[in-house]
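[1] missing the sequence, but the structure's below:
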């Protein structure tokens, strides 16, 4: 999807760069647009969004949080499509093991 940072590590130091922008540009743009909407809503009315997003915004810059949420949405979409399920907003995944 192109929503993960490029790695430019050397000598044991891990350095993460900008997002890779690999994959489908249109899908990436839709995910970023949706995540931007979530971030704007979290800033206006934090009680209406996922508490993890509010915590992330407290720790990271807005654009970094936006890309992180877009990446999370992409992984959720992939998992839902893989299992052939429907989206359940307050679903807690079962632990495997």
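    Great, that's in hand. Quantities reported herein were computed from a predicted structural model and do not represent experimental measurements.
[2] now the residue most central in space within the chain: how far from residue 60?
    Centrality entry for the chain: nearest residue to the mean C-alpha point is residue 69, 2.4 Å, by C-alpha atoms, centre = their mean. Distance of residue 69 to residue 60, given as C-beta to C-beta, to the nearest Å: 10 Å. Where C-beta positions appear, they are placed from N, C-alpha and C, glycine not excepted.
[3] shared neighbours of the two, anything?
    Overlap between the contact sets of residue 69 and residue 60, as judged by C-beta atoms under 8 Å, 6 or more residues apart in numbering, is nil.
[4] quick check: closest non-adjacent residue to the residue nearest to the centre of the chain.
    With C-beta to C-beta, 6 or more residues apart in numbering as the criterion, residue 69 has its nearest non-adjacent residue at 4.0 Å, and that residue is residue 35.
[5] in the helix or strand where that neighbour lies, what's buried?
    Using DSSP states H and E, residue 35 maps to helix 25-44. Within helix 25-44, the residues that qualify as buried are 28, 31-32, 35-36, 38-39, 42, counting by 16 or more other C-beta atoms under 10 Å.
[6] tell me the buried residues in the helix or strand just after that helix?
    Using DSSP H and E, the helix or strand that follows helix 25-44 in sequence is helix 51-59. Residues of helix 51-59 classed as buried under the neighbour-count rule (16+ other C-beta under 10 Å) are 53, 56-57.
[7] retrieve the pLDDT associated with the spatially most distant residue from the centre of the chain.
    Distance from the C-alpha centroid of the chain peaks at residue 11, with 28.9 Å (C-alpha atoms, centre = their mean). Reported pLDDT at residue 11 in the predicted model: 73.
[8] how about residue 85, secondary structure?
    Secondary structure of residue 85, reduced to three states by DSSP: H, G, I helix; E, B strand; the rest coil: coil.
[9] check the one 3 residues further on too.
    Per three-state DSSP, the secondary structure class of residue 88 is coil.
[10] where are the low-confidence patches of the chain?
    1-9, 13-21, 89-97 (pLDDT under 70).
[11] once you drop chain neighbours, what's closest to residue 31?
    With C-beta to C-beta, 6+ apart as the measure, residue 70 is the residue that lies nearest to residue 31, at 4.0 Å, once sequence neighbours are left out.
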